[in-house]
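[1] Dropping a prediction and its sequence here:
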Amino acid sequence: MPYLVECLASVEAQTIDPARLEVIAVDDGSTDGSGECLEEFAARAPMAVTVIRQENSGGPSGPRNVGLGKAKGRYVFFLDADDRLGPEALERMVAMGDENGTDVVLGKVEGVNRVAPKSMWGKTLGRTDVFSSNIKFTLSAQKLFRRALLDEHGMRFDESLFTGEDALFTMEAYLRAGGVSVLADYPCYYLVGRDDGKHVTKTGSYTLRFDSARALMKLIADMVPAGPKRDTLMVRPYLITLLPQFGPKFLTDDEEVRRHKFELAKPLMEAYWTPGVARGLKVHERLRLHLVAMQRPELLPDVVKFVKSKKQAAAILEKRGTRVYLVYPHFRSKAAGVPDDIYRAEPREARVFHGYREAAANTFLRRALRKVRRTLRARGFGTAAA
């Protein structure tokens with residue numbers, strides 16, 4: 001409360017036939033009148049409503065699992081009590097899943113007093129997957145899931161995780177799904193920022209973030225063989241979950257916390273950090289995680305301070321403009337010993353610099369052709385007649 005009132009109003013306003021919809025509301029030990037609000041909604045709502053009231057479980061996984069165990073519909077959708085749906089959300093998402101035979105449907109998310117993910121909403125996609133789209137950057141539970149997929153694989157939320165349980169669940173669904181749909185042309189879900197700022201993802205000890213990263217990395221490693229595809233997915237937990245632990249907050253951490261963070265990160269870097277993952281990051285992101293991998297906490301603050309200042313790193317162009325190095329702290333410092341490749345910008349980051357020339361994919365063939373031409377000229381071919 002009071003967000004629950006608008007949440008329920010958005011359910012009641014759904015354009016899908018109420019006879020096709022069942023609502024399972026789990027009151028997880030609330031003390032603010034939410035339970036009574038749910039009972040009142042159940043009494044007046046035009047669709048079937050089941051209210052389950054239980055002792056507080058300490059996190060979102062337990063009540064979601066209880067609700068999932070009671071669900072009878074072909075699809076399930078997880079709606080958080082402080083968010084709300086667009087009026088046509090369920091009708092459009094169900095139609096999308098039915099039309100394309102997909103197992104997961106993502107409806108466009110918009111933030112209200114809160115930042116929402118954006119990179120995956122560029123285009124509506126009837127059928128895609130986690131490797132060929134940006135859906136790996138939205139792993140919240142607010143998706144439409146085909147219940148048969150979840151039942152077939154016995155999928156449930158991990159109740160041992162306080163945060164990141166939805167990322168684990170959704171990534172597994174993406175990987176097991178027989179196709180994923182993206183509905184990008186209609187705002188299906190409004191992610192509401194609470195006035196008190198008490199979102200689960202913003203609270204709790206830093207150790208919980210490492211637990212979340214560890215679980216997601218293990219899931220990816222267990223389900224995807226080593227190689228480019230695994231690297232593509234591993235970018236997500238490194239970038240979204242692990243890297244923030246070595247951002248501005250690191251500057252205010254005491255020495256014991258800094259040391260502990262490096263200790264927690266060490267096995268994750270040893271197990272899953274690869275050149276392929278590193279190439280999927282921007283230079284300053286790669287540099288920070290490289291220092292974590294190399295266990296060099298003394299070098300990290302200078303980099304974090306530079307990034308926090310939002311200064312543009314100077315660019316050095318070499319190899320006739322085909323290589324761009326960004327001069328972040330410790331670049332070509334003998335004492336630091338960080339390899340040049342860590343500072344080398346990938347094409348997507350290098351293109352903004354004047355003078356950069358993207359090396360052609362057929363560079364080898366061009367070199368061979370130039371060699372042939374030089375040989376022919378040396379033998380007198382291809383020269384103008386006297």
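    Yes, it's here.
[2] pLDDT weak spots in the stretch 201-350 of the chain?
    Along the stretch 201-350 of the chain, the model assigns pLDDT under 70 to residues 201-204.
[3] And for Lys249, the neighbour number?
    Lys249 has 13 neighbours, counted by other C-beta atoms under 10 Å. Just so you know, the C-beta spots here come from the backbone N, C-alpha and C atoms, and that holds for glycine as well.
[4] Specify the local secondary structure of it.
    Following DSSP: H, G, I helix; E, B strand; the rest coil, Lys249 is assigned to helix.
[5] can you tell me how far it sits from Lys308?
    10 Å (C-beta to C-beta, to the nearest Å).
[6] Val130 too?
    Taking C-beta to C-beta, one finds Val130 at 32 Å from Lys308.
[7] ok, those two, which is more surrounded?
    Using other C-beta under 10 Å, the more surrounded residue of Val130 and Lys308 is Val130, with 23 against 11.
[8] Tell me the secondary structure at the residue nearest to that one when sequence neighbours are not counted.
    Leaving out its chain neighbours, the residue that sits closest to Val130 by C-beta to C-beta, 6 or more residues apart in numbering is Tyr174, at 4.0 Å. With three-state DSSP as the basis, Tyr174 sits in helix.
[9] just checking, Tyr174 touches Ser133?
    No. Judged on C-beta atoms under 8 Å, Tyr174 makes no contact with Ser133 at a distance of 9.6 Å.
[10] And the two? Which one has more around it.
    Using other C-beta under 10 Å as the criterion, Tyr174 and Ser133 rank with Tyr174 on top: 23 against 18.
[11] got the contact list for that one?
    By C-beta atoms under 8 Å, 6 or more residues apart in numbering, Tyr174 lies in contact with Val104, Asp129, Val130, Ile135, Lys136, Val180.
[12] Over to Arg279: give its phi and psi.
    For Arg279, the backbone dihedrals are phi -70, psi -20 (criterion: degrees, to the nearest 10).
[13] Now do the contacts for it.
    Arg279 is in contact with Asp231, Arg286, Glu346, counting by C-beta under 8 Å, 6+ apart.
[14] swap the cut-off to 6 Å and go again
    When contacts are counted by C-beta atoms under 6 Å, 6 or more residues apart in numbering, Arg279 touches Glu346.
[15] before we move on, what about Ala350?
    Contacts of Ala350 (C-beta under 6 Å, 6+ apart): Val324, Tyr356.
[16] burial measure for Pro301, as a count.
    As a burial measure, Pro301 scores 14 neighbours (other C-beta under 10 Å).
[17] Just the buried residues from the contacts of Tyr174, in PyMOL please.
    Buried residues within the contacts of Tyr174, by 16 or more other C-beta atoms under 10 Å, are selected in PyMOL with:
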select buried, resi 104+129+130+135+136+180
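[18] what two of the contacts of Tyr174 are the furthest from one another?
    Across these, the longest distance by C-beta to C-beta is 12.3 Å; it joins Val104 and Lys136.
[19] How is the chain partitioned into domains?
    Using automatic domain parsing, the domain ranges for the chain come out as 3-202, 206-311.
[20] a markdown table please, covering those domains and showing distance to Arg373.
    Shown next, in a markdown table, are those (distance: least, C-beta to C-beta, whole Å):
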| stretch | distance to Arg373 |
| --- | --- |
| domain 3-202 | 40 |
| domain 206-311 | 33 |
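[21] any idea which element the residue lying closest to Thr50 once chain neighbours are set aside lies in?
    Closest residue in space to Thr50, ignoring its immediate chain neighbours: Ile24 at 5.0 Å, by C-beta to C-beta, 6+ apart. In this assignment (DSSP states H and E), Ile24 forms part of strand 22-28.
[22] gap between the residue nearest in space to the middle of the chain and Arg236?
    Centroid-nearest residue in the chain: Phe137, 2.5 Å away (criterion: C-alpha atoms, centre = their mean). Distance, Phe137 to Arg236, by C-beta to C-beta: 6 Å.
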